[in-house]
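Chemist: Need the 3D shape of this:
(chains A and B)
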Amino acid sequence: MGAIRKPPRRQLPGPVQWMRENLFSSLFNSILTVVAIVLIYQTVVPFVGWAIVNAAWSGQGREACLPYADGACWPFIIERSGQIVYGFYEQAERWRVDVVFMLLGIGLAWLMMPRLPAKGAVGVVMLTVFPVAAFVLLVGGMGLPPVPVERWGGLMITLVVAVTGIVASLPLGILLALGRRSELPVVRGLSIAFIELWRGVPLITVLFMAANMLPLFMPDGMTINKLLSALIAVALFSSAYMAEVVRGGLQAVGKGQYEAAAALGLGYWRSMLFVILPQALRLCLPNIVGNFIGLMKDTSLVSIIGFLDLLGIIQSGNADADWATPNTAMTGYVFLGAVFWVICYSMSRYARALETKLQGGDAR
Amino acid sequence: MNATAGSALAVEITGLNKWFKTFHVLRDVSLSVPRKERVVICGPSGSGKSTLIRCINGLERHEEGRVVVEGAELTGDEAHTQAVRANVGMVFQQFNLFPHLTVLENCTLAPQWVRKMPRKDAEALAMQYLERVHIPEQALKYPGQLSGGQQQRVAIARALTMQPRIMLFDEPTSALDPEMIKEVLETMVELAETGMTMLVVTHEMGFAKTVADRIVFMDAGEIVEIAPPSEFFTNPKNARTKEFLGQILR
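Modeler: Got it, this is the predicted structure:
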């Protein structure tokens, strides 16, 4: 046995050499680099100037912002922060929303932290106890004064719609995907019809129908909660997309896996549950999260049927004469974009970490 | 299960016909396998040998004829088929281990969920069979971390944990590198010595010679010849058998 030889260490390039290799390796690359630098300079510098350097940071009302003609109007966001988070939820009851946020945050953090134990139990609690608790806390009942849905708004309604959609669409989508691949013609036919119906209709149309047309079909005296019908519409809509993503995963699992499970005497449901779905969902995890992110952003469409979600609250602020400044609208939208970006990017990062972890377990 | 006591036959196939779309893949096949017999099925590729053994555990559905396994007939009825499958172990060419489960979990899944065995018992049973195929030390690894030969031995152990009465092998060594074929064949020989009823589709003529009680030669969906190895290799009757042996034994 010879001495163990390590691979020779790669010489790290100096900054000049690095630039020469990566930015100016050819004439074409050099031109691209220069153009890119100019573009970045032209956009980032004015933006930073507008959002930070020249922005109004404190004060009350539009007078605080008017002197800063070329800067963001942050007092608007600060003053409206209550509405942005809670909508018009009664001031005295806002602690209930905070409790729901807190429970959700603790639950999610628990599920995401690799070191914490009893993930299964926490998951079950989050899927059973939490929704009930959240419902009671937000809507009222059991001694809590009711808060009508019309007063909900802002981030809370955005999260309610998104979380409900996400939690409902994955299991529904899995069932639809299984149905679409079923050997039973009726089940398969109904699944395909359902999936293609929802995929063929724009979400806005679905939301309009849920909000305005559904009540027309209700028997006299019976009203349907507008938020509930919107939630159902979003869940069904996104489950159709989820079904197609999951179907892709199911098809990517080898035929041998189905046969091996069958040969062991595992019936259909056990084969799916223990053998096929764990592999299929792992394969389509990036697309599942992609769908979740899409759904998160689509929630802003509920502002069109009269809910003051994040987008709706910002827009109503823009129309407020007390805040009429040249920069109010822009400030609101930039803030809105930033909030959505933080939420969606977190989901994306978590998904990537999860993928890496699952691959590690597999050692493939 | 009363039916099993009545018959000495592990597998009884009569007048089996099967088509893939319009392709007639099994033509009027009849084969009876008594308990504890070791049958090797060979023949050129596309002769229907894999399809034949896949009909025995219902992975392929037949159109005509009868397949009776341990006294229970495969009728295409789902619950019935599952009961048969629990008594018939199968080893595939591509191993088909579950990549997301450890070796041990691969072996405990079916005992736990089909036989309803408590986890501790299922694990003890799995370890017993992993010892029998000589890889208990790999129990906590994932299939992807094992060599092909090791994976195939795990697949054998996984099938055995269901304590089947019959074992089917579908070209178990065809996907292996040459140096790993031996370890798998040795495991199969050891299994044969325990008195397990075995139906083996293989091109390993050495294995056929030493282990098989009878060799079934198939061509173009038909059973051409059935003979004990001594006769089969030295004195084949059918011209097609002779031609096949001429190609395979050089």
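
Chemist: Sketch out the strands for chain B, chain order is fine.
Modeler: B:9-20, B:23-34, B:38-42, B:64-69, B:72-73, B:88-91, B:166-170, B:197-201, B:214-219, B:222-227 (DSSP state E).

Chemist: Redo those strands as TSV? Include mean pLDDT.
Modeler: TSV is the format used below for the strands of chain B (pLDDT from 0 to 100):
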stretch	mean pLDDT
strand B:9-20	93
strand B:23-34	94
strand B:38-42	95
strand B:64-69	93
strand B:72-73	88
strand B:88-91	95
strand B:166-170	96
strand B:197-201	96
strand B:214-219	95
strand B:222-227	93
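
Chemist: Give me the distance between the least confident helix or strand in chain A by mean pLDDT and the centre of its chain.
Modeler: When the helices and strands of chain A are compared on mean pLDDT, DSSP states H and E, helix A:214-217 comes out lowest with a mean of 76. How far helix A:214-217 lies from its chain's middle: 30 Å, per C-alpha atoms, centre = their mean, to the nearest Å.

Chemist: and the longest helix along chain B, what does it pack onto?
Modeler: In chain B, assigned by DSSP state H, the helix with the most residues is helix B:178-193. With contacts defined as 3 or more C-beta pairs under 8 Å, 6 or more residues apart in numbering or on different chains; DSSP states H and E, helix B:178-193 has these neighbours: helix B:148-160, strand B:197-201, helix B:205-211. Backbone N, C-alpha and C define where each C-beta goes, glycine included.

Chemist: contacting residues around the longest one?
Modeler: It refers to helix B:148-160. A:263-264, B:89-92, B:95-97, B:103, B:106-107, B:110, B:126, B:129-130, B:132-135, B:138, B:143, B:146, B:167, B:172-173, B:175-177, B:179-181, B:183-184, B:187-188, B:191 (C-beta atoms under 8 Å, 6 or more residues apart in numbering or on different chains).

Chemist: and what of the last one?
Modeler: Judged by C-beta under 8 Å, 6+ apart, the contacts made with helix B:205-211 from elsewhere in the structure are B:38, B:40, B:42, B:185, B:188-189, B:192, B:200, B:202, B:215, B:229, B:232-233, B:248-249.

Chemist: rerun at 10 Å
Modeler: With contact meaning C-beta atoms under 10 Å, 6 or more residues apart in numbering or on different chains, helix B:205-211 is reached by B:38-42, B:169, B:172-173, B:181-182, B:184-186, B:188-189, B:191-193, B:198, B:200, B:202, B:204, B:212, B:214-215, B:229-230, B:232-233, B:245, B:248-249.

Chemist: residues of that helix that come out buried?
Modeler: Using 16 or more other C-beta atoms under 10 Å in any protein chain shown as the test for burial, helix B:205-211 gives B:205, B:207, B:208, B:211.

Chemist: Ok, the second one next?
Modeler: Buried residues in strand B:197-201, counting neighbours by 16+ other C-beta under 10 Å, are found at B:197, B:198, B:199, B:200, B:201.

Chemist: Same check on stretch A:241-255?
Modeler: A:241, A:242, A:243, A:244, A:245, A:246, A:247, A:249, A:250, A:253.

Chemist: next one: stretch A:226-237
Modeler: A:226, A:227, A:229, A:230, A:231, A:232, A:233, A:234, A:235, A:236, A:237.

Chemist: The second one reaches residue A:160, doesn't it?
Modeler: Right, the one you point to is residue A:227. Yes. Counting by C-beta atoms under 10 Å, residue A:227 does reach residue A:160; the two are 7.8 Å apart.

Chemist: where in chain B is pLDDT low?
Modeler: Applying pLDDT under 70 to chain B flags residues B:1-7, B:250.
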